[in-house]
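>>> coordinates only, no sequence provided:
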């Protein structure tokens, strides 16, 4: 009896080892790159959007498109759904956290890039390419020569910088861009909640609130730099009063009173431009700069309000714009899903809801954005892209409401 048990055990162990070895070999066959189909990734090869090349073990493809903004307009949600498309794969960035390299969704490659003159070189193109490893679309062994997935980038900070758009367009010729817009007043509140949640607002002894985006300030008082010894961090959740005090400091009240009379002056604009949260919502200036660099035919503009109504329709428009097959996403009840997202986000951020924003804050923000929204509508109406011309007729009117 012991002999038979031993024989069964040895047979099972042999089968297990054979299965593991076969499975490993199958994976090697499955992801073995067809080197003959793509050129070698050498500095001499100038690639355009969608081109692929091979190294000794991997295939890398230049991004087909980039989601460039605007910040807090739903770029993360769009990226999440596009990553589930079998023909698409997102690029991967790295960030040092506690001296460890952590993989992140946003690459931010062009945030700290060199000057424009050097950024068209093949060296930086290959450096950027390393973030976009690709795999075959099909996962079946019978489809060894299956086409590779299209890669894409997503960094919402790019939209507000014309120099970054120039660098992307220069590094990846023919790349397409996707932009998402939303009500600029709601976007300001959302960004304020975002920065407050990350502890980037500080209040001085004079009750003035300032923001520090780049430098990390320790919460330990003994480790706090001397220059920040006289200020305190605003802890989440911030209040609607904090929002108003930050956007419209007391020392500039005379400039803000000019809004009522529509008598904007240089001093007013200088004060407004000190707040990045407000500047990020000046869509007309940003899109005008983008159209100077990129043909409007290579730019898709979406609205977060449309995504909330029909996410399926928004994804269909993206697929049509990218000329990729339509995919059936697992979206059951879109309106319910967006409401759940709102609740989860509000619970996570514990921030200010639009119903809590002070009426004076809304009035000033609407007065600031009103001329820019009219200018944006005029700008898109003159675009050569028909999709742009029909975009903001009804939505801009809703954005300009003052209730």
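Sure thing, it's come through. Keep in mind it's a predicted model, so treat the numbers as computed, not measured.
>>> so where's the stretch 301-403 of the chain shaky on pLDDT?
For the stretch 301-403 of the chain, residues meeting the criterion pLDDT under 70 lie at 332-350, 393-394, 396-398, 400-403.
>>> mind redoing it with 90?
Residue ranges of the stretch 301-403 of the chain with pLDDT under 90: 308-310, 328-352, 354, 364, 367-368, 370, 373-374, 377-378, 380-403.
>>> same question for the stretch 151-300 of the chain.
157, 160, 163, 197-238, 245, 247-276.
>>> okay, and residue 151 sits in which element?
Per DSSP states H and E, residue 151 falls inside strand 150-154.
>>> mind checking how far that strand is from the chain centre?
Distance of strand 150-154 from its chain centroid, counting by C-alpha atoms, centre = their mean, to the nearest Å, is 11 Å.
>>> which residues touch that strand?
Strand 150-154 is contacted from outside by 50, 61-67, 75-76, 79, 82, 87-91, 105-107, 109, 131-134, 168, 322, 324, using C-beta atoms under 8 Å, 6 or more residues apart in numbering. (Each C-beta comes from the backbone N, C-alpha and C, glycine too.)
>>> using ChimeraX, define a selection of the buried residues within those.
Entered in ChimeraX, the line below selects the buried ones among these, by 16 or more other C-beta atoms under 10 Å:
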select :50,61,62,63,64,65,66,67,75,79,82,87,88,89,90,91,105,106,107,109,131,132,133,134,168,322,324
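>>> and the strand holding residue 151, which strands flank it?
Partners of strand 150-154 in the sheet, by DSSP bridges, are strand 65-69 (parallel), strand 88-90 (parallel).
>>> could you pull out the strands for the stretch 251-400 of the chain?
Taking DSSP state E, counting those that start in this stretch as the test, the strands found in the stretch 251-400 of the chain are 299-303.
>>> and the stretch 51-200 of the chain, by the same measure?
If DSSP E, counting those that start in this stretch is used as the criterion, the strands of the stretch 51-200 of the chain fall at 52-54, 59-61, 65-69, 88-90, 93-97, 100-104, 133-134, 150-154, 176-181.
>>> could you give the angle of the strand holding residue 151 to strand 176-181?
Calculated by axes from the mean of the first three to the mean of the last three C-alpha atoms, to 10 degrees, strand 150-154 forms an angle of 40 degrees with strand 176-181.
>>> closest to residue 231 out of the strands of the stretch 51-200 of the chain?
Proximity to residue 231 (C-beta to C-beta) singles out strand 93-97 among the strands of the stretch 51-200 of the chain, at 25.1 Å.
>>> follow-up on the earlier one: let me have the strands paired with strand 150-154 in CSV, extended by mean pLDDT and distance to residue 39.
As requested, the strands paired with strand 150-154 are arranged in CSV below (pLDDT from 0 to 100; distance: least, C-beta to C-beta, whole Å):
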stretch, mean pLDDT, distance to residue 39
strand 65-69, 94, 22
strand 88-90, 93, 20
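>>> I'd like these as CSV, with distance to residue 210 appended.
Formatted as CSV, the strands paired with strand 150-154 follow (distance: least, C-beta to C-beta, whole Å):
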stretch, distance to residue 210
strand 65-69, 24
strand 88-90, 34
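>>> so which of these gets nearest residue 277?
With C-beta to C-beta as the criterion, residue 277 lies closest to strand 65-69 of the strands paired with strand 150-154, at 13.7 Å.
>>> any idea how far the closest one is from the middle of the chain?
7 Å.
>>> before we move on, what about stretch 127-134?
The chain centroid and the centroid of stretch 127-134 are separated by 18 Å under C-alpha atoms, centre = their mean.
>>> re earlier: nearest to residue 14, of the strands paired with strand 150-154?
strand 88-90 (37.9 Å).
>>> so what's the residue count around residue 313?
Residue 313: 12 surrounding residues under other C-beta atoms under 10 Å.
>>> gap between the nearest residue to it once chain neighbours are set aside and residue 53?
Nearest in space to residue 313, with sequence neighbours left out and distances taken as C-beta to C-beta, 6 or more residues apart in numbering, is residue 306 at 7.1 Å. From residue 306 across to residue 53, the span is 37 Å (C-beta to C-beta, to the nearest Å).
>>> one more: residue 71?
For residue 71, the distance to residue 53 equals 32 Å [C-beta to C-beta].
>>> relative to residue 45, how far out is residue 384?
For residue 384, the distance to residue 45 - C-beta to C-beta - is 32 Å.
>>> and what of residue 93?
For residue 93, the distance to residue 45 - C-beta to C-beta - is 23 Å.
>>> ok, now residue 196?
Remark: distance between residue 196 and residue 45 (C-beta to C-beta) = 46 Å.
>>> which of those two has more neighbours?
Set side by side, residue 196 and residue 45 show more neighbours around residue 196, with 25 against 14, by other C-beta under 10 Å.
>>> leaving out sequence neighbours, find the closest residue to that one.
Counting by C-beta to C-beta, 6+ apart, the residue nearest residue 196 is residue 238, at 4.0 Å.
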